[in-house]
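Q: turn this into a structure:
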Amino acid sequence: MRASIVDSHEGITIGVEPWTQASRYKEKFPKKSPLAAGIVAIHLSIRNDNDQGVKVDLHRIRLIVQISEDSRQELAPRSADDVADAVMLKSNGKDPTARRVPLPIPVGKTKPERDANWTSFRDACQNAAVPSAVVAAHSTVEGLIYFDLRGEVELLQTARLYLPNLLMMGENQPLSYFDIALSHNSAN
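A: Modelled structure (predicted):
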């Protein structure tokens, strides 16, 4: 498993690698990068060493960022459509962060034109994303999940990736959650 941060229990190993450098995006996104629009991709690897499949509720994953000493926010992962909207809006010369709005979602943001370029970029985001919420027995699933940090990559220094709702499929048995500190390595 290629990851800068790894946590393991109950036969499940989670590897996390935040992509904070523009060079990390070149292979998957040769023309435009989510990072340029303030969106950070986190490469997530989930290895299942159990004899049964495990289901991961990808929509419930949260990036918990510490804004200040007494303020933290839980950011939901962004969809491929959301990432494409942000990147295409940014590349059209309109800066959605020009008016500093608190995380996580700016109010009144306009949508870019959804043309062939938008579709192509959205497809690239989807193809790079975690492909399945089910990890078969003795196998690994890996891909990207996206979080809109509005370009404030330094928030990863105190952030945690929270993965609740893992379920052993054959027995319908819930597994313990993962709460992974990203402070181990946020310079990749």
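Q: bridged to Leu167, which residues?
A: Beta-bridge partners for Leu167, by DSSP bridges, are Lys55, Pro174.
Q: so how far is Val16 from the spatially most central residue of the chain?
A: For the chain, the residue nearest the mean C-alpha position is Ile145 (2.5 Å; Cα atoms, centre = their mean). From Ile145 across to Val16, the span is 9 Å (Cβ to Cβ, to the nearest Å). C-beta: built from backbone N, CA, C; applies to glycine.
Q: which neighbours do those two share?
A: 42, 44 (Cβ atoms under 8 Å, 6 or more residues apart in numbering).
Q: which residues does the helix-or-strand element of the chain with minimal mean pLDDT contact?
A: Each helix and strand of the chain was given a mean pLDDT (mean pLDDT, DSSP states H and E); the minimum falls on helix 80-91 at a mean of 89. Helix 80-91 is contacted by residues 32-34, 36-39, 78, 96, 109-114, 117-119, 121-123, 125-126, 129, 146, 148 when judged by Cβ under 8 Å, 6+ apart.
Q: in ChimeraX, how would I select the buried members of these?
A: The following ChimeraX line selects those of these that are buried, judged by 16 or more other Cβ atoms under 10 Å:
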select :32,33,34,37,38,39,78,96,112,117,118,121,122,125,126,129,146,148
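Q: give me the subset of the contacts of helix 80-91 lying in helices.
A: Counted as lying in helices by DSSP state H, out of the contacts of helix 80-91, are 117-119, 121-123, 125-126.
Q: all set, thanks.
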